[in-house]
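Trainee: The following comprises the amino acid sequence and a computationally predicted model.
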Amino acid sequence: MLKEYDVVIASCDLSQSVKQGTRGTIVLIVHKEPNKYEVEFVDENGDMLELLTVDERDLKLVEE
């Protein structure tokens, strides 16, 4: 299970502005089993693109 403030990337296209590979940060755990997260996605400049509720299967943890 992912945690709040984990940095993730979208593993598929989630919206018109959030495409596969877009980076985001988990800001809230919305639901457990199935795991859903509120994720703030940003562009390459760090500007917010969109805040989405996302299934865990559609996210990949960024190992830093």
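Mentor: Great, that's in hand. Bear in mind that the values here come from a model prediction, so they are computed numbers and not experimental data. Numbers count the residues shown, from 1 in each chain.
Trainee: Would you check how far apart the closest residue in space to residue 15 that isn't next to it in sequence and residue 31 are?
Mentor: Take residue 15 and drop its neighbours on the chain: the residue closest to it by CB to CB, 6 or more residues apart in numbering is residue 50, 6.0 Å away. For the C-beta atoms, the positions are set from N, CA and C on the backbone; glycine is no exception. Between residue 50 and residue 31 the computed distance is 19 Å (CB to CB, to the nearest Å).
Trainee: With neighbour numbers in mind, choose between the two.
Mentor: residue 50 (15 against 11; other CB atoms under 10 Å).
Trainee: what bridges to that one?
Mentor: For residue 50, the beta-bridge partners under DSSP bridges are residue 41.
Trainee: Please report the number of neighbouring residues for the closest residue to residue 36 other than its chain neighbours.
Mentor: Spatial nearest neighbour of residue 36, chain neighbours left out: residue 30 (4.5 Å); criterion: CB to CB, 6+ apart. Around residue 30 there are 13 other residues, counting by other CB under 10 Å.
Trainee: Understood, closing this out.
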